[in-house]
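Trainee: structure for this input, please:
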Amino acid sequence: MNYIRNILITDVGHPVTASAIETLRGVASCTYNIIGIDHSVANYPVGRLWVDQHYVVPSPEDIEGYTRAVLDICIQHKVDVIVPWTNEEAIIFAEHASIFSDHNIKILTSDVSGINKVVDKYFLMNNLKEFGFATPLYHSVDTLQELVSAVKILGYPAKKVVVKPRNLSGARGFCLLDQDSDISERGFSSLPFSAYLEIIKHLPHAKQNDLDLIAMEYLSGEDYSVDVLARESKSIAIIPRLRLQATGGVSSMGETIEAPKVSRIASNVVEAFGLNLNVNVQMRYRRGRQGEPFVYDVNPRISGTIAANDHVGINFIHEGIQVLLGESPSLSKKSTYTHAIMIRRWKEEYIDLKGNFEATVR
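Mentor: Residues are numbered from 1 along each chain as shown. Okay, the predicted model is just below:
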């Protein structure tokens, strides 16, 4: 039986959203009517190419305006499920879940208590340690003096150091401090500390005393991104993916493999934090595959590489929606998947001189 579902996906102009939407188009048992929203589209809202309806809404920083706009769109299109693409949007929807549930609209994310334990990366590290998980060495950084001190304690310049915002998802604001970094090759994602410090010193004085960063030791071993689907905080599907290459913080090459230890840790993290539905857990070994992998990030939402799971046998977005709506997913914790290497590539779209797109990807 084929049925129709109306879903709203946020941030559809993101470079990796198109492939995720494509997996939903391929579900034989369900026709998805997909409404997409963006809050920053420059001149050309490319996200409209792969959705059925597209809207530009206020920035999530304007919580009231953003929430009201999304709710109006959902009511207009009788949306069943909202799929948040970023942590910032996930927490807004979780905090305002009752407004949407009054209209029978569900959110594909954990509840607010679980999300609050993981979105602030410093609090996440503290919580992981409290639950007994191995974590990299880390320090909270608010001032310029704290930044200099933390970087020194973590062993720079002999050792590389990671610095990133405490409350932003993805790779936004991420910088690898590396004494031997070449800006001409890696851009601002990797800098010598002296160059990074100059950038900080050019911030407004008030911001220099409110950096809201976390500094962490750099782990050089095998790096895993683990997608988990959970019901009542119990994992029902897990796919670990070994990151082979990343571009701008987005995985551009990855391999799905059997990694029992990594899968077990990811499952335990989800249960310990009381997370549900689609969750992404990231961990890395200090060197090679020696010792215990260190958990360094947890995202209470679908991951940027979620489409890769569909190729190897499990459609995590569709199955997550099934669980959210109280329906039986077509898998179990022991669901098998094939092994494959994912390689991302660029794809161009074209517009005419009037700003009209000449073709769509659908």
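
Trainee: element containing the most centrally placed residue in the chain?
Mentor: Geometric centre of the chain, nearest residue: S303, 4.5 Å, by CA atoms, centre = their mean. Assigned by DSSP states H and E, S303 belongs to neither a helix nor a strand.

Trainee: this structure: helices as residue ranges?
Mentor: 17-25, 63-77, 87-95, 97-101, 112-116, 121-130, 144-153, 183-186, 193-201, 205-208, 260-273, 307-311, 316-324 (DSSP state H).

Trainee: looking at the ones you listed, which is closest to N33?
Mentor: Minimum separation from N33 across the helices of the chain (CB to CB) falls at helix 63-77, 7.4 Å. C-beta coordinates here come from the backbone N, C-alpha and C atoms, glycine included.

Trainee: how close does the residue nearest to the centre of the chain sit to F316?
Mentor: The gap separating S303 from F316 is 8 Å, by CB to CB, to the nearest Å.

Trainee: which residues are common contacts for the two?
Mentor: Both S303 and F316 are contacted by 227, 278, under the criterion CB atoms under 8 Å, 6 or more residues apart in numbering.

Trainee: reformat the helices of the chain as a markdown table; add mean pLDDT.
Mentor: Shown next, in a markdown table, are these (pLDDT from 0 to 100):
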| stretch | mean pLDDT |
| --- | --- |
| helix 17-25 | 92 |
| helix 63-77 | 97 |
| helix 87-95 | 95 |
| helix 97-101 | 96 |
| helix 112-116 | 95 |
| helix 121-130 | 97 |
| helix 144-153 | 96 |
| helix 183-186 | 51 |
| helix 193-201 | 92 |
| helix 205-208 | 82 |
| helix 260-273 | 97 |
| helix 307-311 | 89 |
| helix 316-324 | 96 |
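
Trainee: which among those helices is found nearest to R289?
Mentor: That would be helix 260-273 among those, by CB to CB, at 9.1 Å.

Trainee: what's that closest one in contact with?
Mentor: Taking CB under 8 Å, 6+ apart as the rule, helix 260-273 contacts 114, 117-118, 127-128, 131, 133, 224, 226, 228, 230, 233-235, 238, 240, 275-276, 279, 281, 283, 293, 295, 298.

Trainee: any idea how far E232 is from the residue nearest to the centre of the chain?
Mentor: Separation of S303 from E232 (CB to CB): 21 Å.

Trainee: go on, A266?
Mentor: Shown here: A266 relative to E232, a distance of 16 Å by CB to CB.

Trainee: mind checking how far S101 is from V112?
Mentor: Taken as CB to CB, the span from S101 to V112 is 13 Å.

Trainee: neighbour count winner among those two?
Mentor: More neighbours surround V112 than the other of S101 and V112, with 17 against 11 (other CB atoms under 10 Å).

Trainee: which one is the more buried one nearest to, not counting chain neighbours?
Mentor: Spatial nearest neighbour of V112, excluding adjacent residues (CB to CB, 6 or more residues apart in numbering): A94 at 4.1 Å.

Trainee: just name the shakiest helix or strand of the chain by mean pLDDT.
Mentor: Within the chain, judged by mean pLDDT, DSSP states H and E, the helix or strand with the poorest mean is helix 183-186; its value is a mean of 51.

Trainee: longest strand of the chain?
Mentor: strand 234-247 (DSSP state E).

Trainee: show me what that one is packed against.
Mentor: strand 223-231, strand 250-256, helix 260-273, helix 316-324 (3 or more CB pairs under 8 Å, 6 or more residues apart in numbering; DSSP states H and E).
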